[in-house]
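> give me a model of this one.
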Amino acid sequence: MTGINCSNCGSEYPQKGTSYKCNICGGFFRHPGIKAFDLNLIDTKMPGLWRYRNFFNIGENSPAIYLGEGDTPTVWANIHNHKVGFKLELLNPTSSFKDRGSSLLVSFLKSRGVNSAVEDSSGNAGSSFAAYAARANIKATIYLPGYASIQKRNQIQAYGAQAKPVPGPRSAAAEEALRAAESGVCYASHVYFPYGIDGFATIAFEIFDQVQQTPGTIILPVGQGSLLLGIIYGFSSLLHGGYIKHMPKIVGVQTRACAPIWAAYQYGAQGLSMITEGETIAEGVRIIHPLRGDVILELLSKYNGDMLAVDEDEIKSGQSELARLGFFVEPTSAVVYKAIELAIGNSPDPIIAILTGSGLKSEQA
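Model (predicted):
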């Protein structure tokens, strides 16, 4: 791997094993960013997002665990007499954007000889990891919050993984996975491992290729924020490579029921005092302690991004409005609709929203 090191002590990622945190100080491993974009580095012989392999940080010896991820279309629709683009990440193999990250993470794990692993997830990351683990012949156990949709739980089990519901909030599932990892099994956390962020960066590369201009505004849901980081790193790579003239405005959206990044970005540290892990139909963004929150806040400030929070009624109405446009999405994806309405006339064009997951995976759809 290139540049993966501890966020606390700076130690490089070990050459052997699959540590999810630093063996020296316990810090998490940070993402080093992505090299400047260069069309000459695209491997046109590789499929899907793997054509961007030369920009990944997983190491040259990692196999390409591929199920058809990437190459999702950007489809345009009219909202309030305004043209808006939708990047359809729900068309990935397991019906969510998480496949881009799972493909790289499982490829790394396979290169390290992993045969079994545990993961925790609100649903989409778990079903995605289960699919790619099956493809790589890795035995997977997924810890889920009890409120995770039955559709996602069934999907996990269909791939041959074991689904373990955990009562309580999303954070309780993470605690159970960490306890399981203490026994020595690989903790294949899509949160702690930074490799999946490279996969999300390819969304920026694809948008640039599809739109053939610099997007004005990118709107996306934010939970842990790995997707947002990937989008920022991807467009930053294009900027440093000279392929775009400026960064698009990146707008992250959370549910007001659980919006720690929004609160911190809008009100500073004191904003966190009013945040709880409340119940929400947007289960995929119900994250009270995002691991890379400080990095997200730093990059949003650096690139003049923004964070918004939406109410449950706005999520429900957004889901209905998107369906009328032909986009059947889960509530987590629908958080973007109100942000689109607010962006029209107030943020740079063209506006592009990321639709992260299918409505077929949700009990609320």
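> flag the shaky bits of this protein, pLDDT-wise.
1-2, 364-365 (pLDDT under 70).
> how about the strands in it?
Applying DSSP state E to the chain gives strands spanning 5-6, 29-30, 74-79, 82-88, 116-120, 139-145, 162-166, 186-187, 217-221, 249-255, 306-310, 351-355.
> how many neighbours does Glu175 have?
Neighbours of Glu175 under the rule other CB atoms under 10 Å: 14. Every residue, glycine included, has its C-beta placed from N, CA and C.
> and the strands of the chain: which comes nearest Phe193?
Phe193 lies closest to strand 29-30 among these, at 7.2 Å (CB to CB).
> sheet partners, orientation included, of the closest one?
Applying DSSP bridges, strand 29-30 is found paired with strand 5-6 (antiparallel).
> give me the residues contacting the partner strand.
11-13, 22, 24-25, 27-30, 32 (CB atoms under 8 Å, 6 or more residues apart in numbering).
> before we move on, the earlier item: quick one: closest of the strands of the chain to Phe55.
The closest of the strands of the chain to Phe55 is strand 29-30. By CB to CB, the value is 17.1 Å.
> still on that earlier bit, let's have the strands of the chain in TSV, adding distance to Gly278 and mean neighbour count.
Converted to TSV, the strands of the chain look like this (distance: least, CB to CB, whole Å; neighbours: other CB atoms under 10 Å):
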stretch	distance to Gly278	mean neighbour count
strand 5-6	33	18
strand 29-30	29	20
strand 74-79	28	15
strand 82-88	28	21
strand 116-120	20	25
strand 139-145	13	23
strand 162-166	18	17
strand 186-187	27	21
strand 217-221	16	27
strand 249-255	8	26
strand 306-310	11	23
strand 351-355	24	26
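> quick one: closest of the ones you listed to Gln210.
strand 74-79 (4.5 Å).
> which strands and helices lie in contact with that closest one?
For strand 74-79, the packing partners by 3 or more CB pairs under 8 Å, 6 or more residues apart in numbering; DSSP states H and E come out as strand 82-88, helix 196-211.
> dump the ones you listed into JSON lines; add distance to Arg153 as well.
Output for the helices and strands packed on strand 74-79, formatted as JSON lines (distance: least, CB to CB, whole Å):
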{"stretch": "strand 82-88", "distance to Arg153": "24"}
{"stretch": "helix 196-211", "distance to Arg153": "22"}
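> skipping its backbone neighbours, what lies nearest the residue nearest to the spatial centre of the chain in space?
Taking CA atoms, centre = their mean, the centroid of the chain lies closest to Leu227, which sits 3.3 Å from it. Distances taken as CB to CB, 6 or more residues apart in numbering put Phe200 closest to Leu227, at 5.0 Å, once the chain neighbours are dropped.
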